[in-house]
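Undergrad: Using only what follows, build the 3D model:
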Amino acid sequence: MKITDFKTRVSFSTDCFFETEISVTATAKIKKATTVTMILYPLLFCQTSLAVDKVGELITSAANIHKQAATFPQKLENTLWGHVAKQNHIDPYTLYAVALIESAKNSDPNHVTPWPWALNKAGQSIIPVSQQEAHTLLNKSIAQGNRHIDIGLMQINLHWHGHRVAKPEHLLNPAINLQIGAGLLAEAIQSSPNNLVLGIGRYHNWQNIQTAVVYGRRVLAVADKIRTVL
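TA: Numbering: from 1, shown residues only. This next block holds a predicted model:
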């Protein structure tokens, strides 16, 4: 554990094209191998795991500083995330945490956000820089006969859920993707009314209970961290 003086600007995107920024300047402990890191330990995808570790690091740093600062307003409820979550009777922080774990873009060390153009093919995470690039890659995958591709903020699988949209590229619409993902998350949670962790985890895996539970715990850990800074 290392004590480091640092100045950083941690920014969380809380809506598809609306950002809530949290600026922080302080002396804090940089936590490397902590409980949070272990909770967020990768389960399936290498690229996803790297993003999740960065999420944990940034959120932990912001949360530590937040304890010494004035209380930030709770803004997430007033964004598209809050609106969609309310429609589906789920916690907006849980919804945001799922998106962050599924599609985190962390190329900027001071900014972490769910990425609306994220794709995943056969376990390989792809972060296109634009919707047009994502659209091109998606069309190429379909032309090759591969519809087993996860798309957008909530990583909606085209093979299993493509019937929910008129055209595959509609899943690259952040609002549509979020609404579908929220509905699937709500269904998963409702399937396990007495076990929230398992219910959340079924968004990721219905067949393997252990895998689902690990995922559910990761989501709740990230949601709790985000709640301290947004």
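Undergrad: And the helices in this structure, which stretches?
TA: Taking DSSP state H as the test, the helices found in the chain are 35-39, 46-66, 80-87, 92-103, 131-143, 158-161, 174-190, 196-201, 209-227.
Undergrad: between the ones you listed, which gets nearest to residue 122?
TA: Relative to residue 122, the nearest member of the helices of the chain by CB to CB is helix 131-143, separated by 9.9 Å. (C-beta placed from N, C-alpha, C; glycine too.)
Undergrad: Check what contacts the closest one and list those residues.
TA: 116-119, 121, 126, 128, 147, 149, 151, 158, 168-169, 172 (CB atoms under 8 Å, 6 or more residues apart in numbering).
Undergrad: between those, which has the most around it?
TA: Within those, most neighbours by other CB atoms under 10 Å means residue 151, with 29 neighbours.
Undergrad: quick one, what contacts it?
TA: Taking CB under 8 Å, 6+ apart, one finds 118, 119, 134, 138, 157, 158, 168, 171, 172, 177 in contact with residue 151.
Undergrad: how far away is the last one from residue 183?
TA: Applying CB to CB, to the nearest Å, the value for residue 177 to residue 183 is 11 Å.
Undergrad: picking up where we left off before, out of the helices of the chain, the one nearest residue 112 is which?
TA: Of those, nearest to residue 112 by CB to CB is helix 46-66, at 5.2 Å.
Undergrad: If you count surrounding residues, which of residue 177 and residue 183 has more?
TA: Using other CB under 10 Å as the criterion, residue 177 and residue 183 rank with residue 177 on top: 25 against 17.
Undergrad: mind listing what the residue lying closest to that one once chain neighbours are set aside touches?
TA: Nearest residue to residue 177, sequence neighbours excluded (CB to CB, 6 or more residues apart in numbering): residue 152, at 3.7 Å. Contact analysis of residue 152 by CB under 8 Å, 6+ apart lists 103, 116, 117, 118, 171, 172, 174, 177, 181.
Undergrad: shaky segments in this structure?
TA: 1-74, 109 (pLDDT under 70).
Undergrad: Farthest-apart pair in the contacts of residue 152, please.
TA: Farthest apart among these - using CB to CB - are 117 and 181, which lie 14.7 Å from each other.
Undergrad: Can you get me a residue count around residue 210?
TA: 9.
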